[in-house]
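> Below are the sequence and a predicted model for it; my questions follow.
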Amino acid sequence: MKTKSAFIVILATVFLLLSSSIVFANTNKSEHSQESSSLTMTFYRTDSVLVIMPDDFKLTNSDKTDIESYVFWEKNQHKPMYIYKSESEVTKADCKKHILFYGSFSNFQRKDFLRIPVKKDTNGFRFNNRIFNQPSDAFFYITENGTRMYVCKNSYKAKHEFLSIGTGEYPLHIYRGENIVVTGVYVQN
C-alpha cells in the first residue's frame with residue numbers, strides 16, 4: 001500500500017513539474033514574440049524611412065502603396081515620411097537613417113547592404129545553403145537594432161506576402177508564394 005502511495009506522490013510531482021515547464025515555456029515564447037514585434041515598431045518609430053531599391057528596379061504605384069500602408073502603429077505615433085532612392089544614389093549620410101531594402105536582393109550590389117544572414121545568389125537568394133530562386137520566393141528580415149528592414153522578392157511581378165500577412169513573431173521569414181517556408185531567429189555560429 002505504501003509503495004502505491006509513494007508512486008502516486010512521485011507521479012503527481014512529475015506532472016506538476018511538467019505543467020510548470022509548459023507554463024514557463026509559453027511565457028518565454030510570448031516575451032520573445034513581443035521582443036521581435038518591437039523590432040518592427042522600432043523601425044517605424046522614426047521621422048523618415050529611406051526605401052532603397054536596386055538600380056534597375058522600377059517602382060510602381062502599387063509597390064509604393066504597399067510599402068507606405070504597412071506600419072506598426074503605437075499610441076501617438078505618426079506616419080513616417082518615405083524617401084525613395086536607387087542604390088547608387090545613397091550617400092554616407094543616408095546610411096544613418098532607417099532603411100527599407102525593397103526589390104530583388106540578387107540585384108543589389110553594395111557589399112555593405114548585403115551583410116545579413118540571407119545571401120545573394122545568381123537568380124535569387126540563399127539561406128543556410130538552401131537556394132531560393134523561384135519567381136515567387138521572397139524574404140523579410142529585420143536587423144537586431146531595428147534600423148534595417150529587408151522586404152525582398154525575386155520577381156518584380158510577384159506581390160510580397162509580408163505586405164499581406166505580416167511577419168509573426170520572428171525577425172526572419174522566407175516565403176514561397178503564399179507560404180512561409182522558413183521562419184525564426186538567426187543566431188550566428
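Sure, I can see it.
> Going by C-alpha atoms from here, please, whenever you check contacts or count neighbours.
Fine.
> Run through the strands of this structure in chain order.
48-53, 81-86, 98-103, 119-121, 124-127, 130-132, 137-142, 148-153, 172-176, 179-184 (DSSP state E).
> what's the most buried one of those strands?
Highest mean neighbour count of those: strand 137-142, a mean of 26 (counted as mean count of other CA atoms under 10 Å).
> quick one, that strand and strand 172-176 angle?
170 degrees (axes from the mean of the first three to the mean of the last three CA atoms, to 10 degrees).
> And the contacts of strand 137-142?
Applying CA atoms under 8 Å, 6 or more residues apart in numbering, the set of residues contacting strand 137-142 from outside is 39-40, 124, 148-155, 160-162, 167, 171-177.
> returning to what we had before: closest one to N61 among the strands of the chain?
strand 81-86 (12.4 Å; CA to CA).
> which residues sit against the closest one?
So strand 81-86 is contacted by 47-55, 57, 68 (CA under 8 Å, 6+ apart).
> Single out whichever of those residues has the smallest pLDDT.
Least confident of the contacts of strand 81-86 in the model: E68, at 87.
> Can you give me the neighbour number for that residue?
14 (other CA atoms under 10 Å).
> list the contacts for it?
Y82.
> Please convert the strands of the chain to JSON lines, extending it with distance to K64.
As requested, these are arranged in JSON lines below (distance: least, CA to CA, whole Å):
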{"stretch": "strand 48-53", "distance to K64": "10"}
{"stretch": "strand 81-86", "distance to K64": "9"}
{"stretch": "strand 98-103", "distance to K64": "10"}
{"stretch": "strand 119-121", "distance to K64": "24"}
{"stretch": "strand 124-127", "distance to K64": "22"}
{"stretch": "strand 130-132", "distance to K64": "25"}
{"stretch": "strand 137-142", "distance to K64": "17"}
{"stretch": "strand 148-153", "distance to K64": "13"}
{"stretch": "strand 172-176", "distance to K64": "20"}
{"stretch": "strand 179-184", "distance to K64": "23"}
